[in-house]
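> Generate a structure from the sequence data that follows.
(chains A and B)
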Amino acid sequence: MGTVFSFDVRGGEPGAVRAALEEAVAGLHRVDEVFSTYRDDSQLSRLARDELTLEECDPEVAEVLELGAEAERLSEGWFSTRYQGRLDPTGIVKGWSAERAARLLWAAGATGVSVNGGGDVQLLGVPGPQRPWRVGVSDPIRPGGLAAVISAAGKDELAVATSGTAERGTHIVDPSTGRSAITDLVAVTVVAPQLTWADCWATAAFAMGSRQGLRWLESLPEVEALLITAGDEVRCTGGLASRLG
Amino acid sequence: MRKSHPIRRVVLATAATVSGVVLLLSLKPASDPGAAAAGVVPQQTVGAQESPQGGAAATGTGTVDGNPAQTEYGIVQVRLTVSNGKITKAEAVQAPKGGTSDQKTALAIPKLNQEAVAKGTADIDSVSGASYTSGGYKQSLQSALDQAGG
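Numbers count the residues shown, from 1 in each chain, chains lettered A, B, ... in the order given. Model prediction:
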């Protein structure tokens, strides 16, 4: 995966938070061992080759595959846990594991948590009194610049997930043809309460292209989004403006 | 930037697995000075990844280098100059060279310098995004931000 995870944890009793952090770190390593499609010996790879049954895998595998199936259903196949007939839940694992790590830290008593897994972020609580979490969204066309800043003001939980042309491990497929989707988008950023879903929706909308993607994202409750086309046009859902800052 | 609280830093650099997962943490206690003062912060380094450099965290002044980040165009590494807790300069100390990426890099680096010190970037806690060289920059920028800890 080559994914970098950044943690920013505020408040809580230091000992408890430290222990939770170690658990979260160990959990991410475990996720890599279990789910990596780059490792022939991962449980997922072996499951895909029918060398293991689902029951023989860690319970998280069934959990992730069930969530993936739900995402596939809700996105009408534009998000999928299968690629070219092969089992591959990569598109949901990153967001799911980052969200899980964040909630673990929150449960340990932190008052603010931000976990960034390869550019997908789960936010919980606040970084300080009277101050919300703020996440910059990279401008894909002007590298180093920001297209927007998303604020979590007024929200106990918020996630920001971006799908883009350079994302590793993401297969952009048109479910009606089974082949690579032709999309006019260079980036989709989804803002939603939970990263697990935000991650899937960004992937699905990216494959749909700007018009269908925007229409579909508008239809999802509690979801806002920013879509950037190759022609440097920016499309937003109606409620995104209230998330900017 | 998270400048006003004393910064306590626990950096866990894990062994580079096949997928290369690296974890960085800034542990920032609540404003309760009792909590802030308690205990010593250990630095644990396990495996291949180096601990972060730079002394900007303690005094709010100095330079901090982000971890070098590998992109398909080459390695990008960002250096932030921090003065009294504010970022005053951002420069790429390593940038991809050669091939068609030269033009992109030539355009990107000056823009990166400006943008990283612009208000928008200085006030954010994290960055979401996925694109070519900026992905490497962002990773490196994110890691430099994590280390500077504002």
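
> Excluding sequence neighbours, find me the nearest residue to the residue in chain A that chain B sits nearest to.
Across chain A, the shortest distance to chain B (Cβ to the nearest Cβ) belongs to A:S138, at 2.6 Å. Heads up, the C-betas are built off the backbone N, CA and C, glycines and all. Spatial nearest neighbour of A:S138, chain neighbours left out: B:G129 (2.6 Å); criterion: Cβ to Cβ, 6 or more residues apart in numbering or on different chains.

> Surely the one you found is in contact with A:A161?
No: look at B:G129 against A:A161 with Cβ atoms under 8 Å: they stay out of range, at 10.2 Å.

> thinking again about what came up before, what is the neighbour count of the residue of chain A closest to chain B?
Applying other Cβ atoms under 10 Å in any protein chain shown, we find 29 residues neighbouring A:S138.

> what bridges to it?
A:L146 (DSSP bridges).

> wait, doesn't it sit right on A:I150?
No: taking Cβ under 8 Å as the definition, A:S138 is not a contact partner of A:I150, at 11.8 Å.

> Could you tell me which other helices and strands the lowest-mean-pLDDT helix or strand in chain A packs against?
When the helices and strands of chain A are scored by mean pLDDT, DSSP states H and E, strand A:179-180 comes last with a mean of 84. Under the contact definition 3 or more Cβ pairs under 8 Å, 6 or more residues apart in numbering or on different chains; DSSP states H and E, strand A:179-180 sits against strand A:173-174.

> Tell me the strands beside the strand it packs on, with direction?
strand A:179-180 (antiparallel).

> Can you name the residues in contact with the partner strand?
Residues from elsewhere that reach strand A:179-180 (Cβ atoms under 8 Å, 6 or more residues apart in numbering or on different chains): A:I172, A:V173, A:D174.

> Just the buried ones from the residues you listed?
A:I172, A:V173, A:D174 (16 or more other Cβ atoms under 10 Å in any protein chain shown).

> And chain B, is whichever strand or helix holds A:D32 touching that?
Taking DSSP states H and E as the definition, A:D32 sits inside helix A:14-35. Yes: using Cβ under 8 Å from any Cβ of the partner chain, helix A:14-35 reaches chain B at A:P14, A:V17, A:R18, A:L21, A:E22, A:V25, A:L28, A:H29, A:D32, A:E33.

> pLDDT on that helix, on average?
Average pLDDT, helix A:14-35: 93.

> Likewise for stretch B:63-71?
Mean predicted confidence for stretch B:63-71 is 72.

> how about low-confidence regions in chain B?
Within chain B, the stretches with pLDDT under 70 are B:1-61, B:70-122, B:130-146, B:148-150.

> Contacts only, for A:A69.
By Cβ under 8 Å, 6+ apart, the contact set of A:A69 is A:T81.

> what kind of secondary structure is A:A102 in?
What DSSP: H, G, I helix; E, B strand; the rest coil gives for A:A102 is helix.

> what's the nearest residue to the most centrally placed residue in chain A if we skip its chain neighbours?
Centre of chain A computed as the mean C-alpha position; nearest residue by Cα atoms, centre = their mean is A:D199, 2.8 Å away. Nearest non-adjacent residue to A:D199, counting by Cβ to Cβ, 6+ apart: A:G95, 2.7 Å away.
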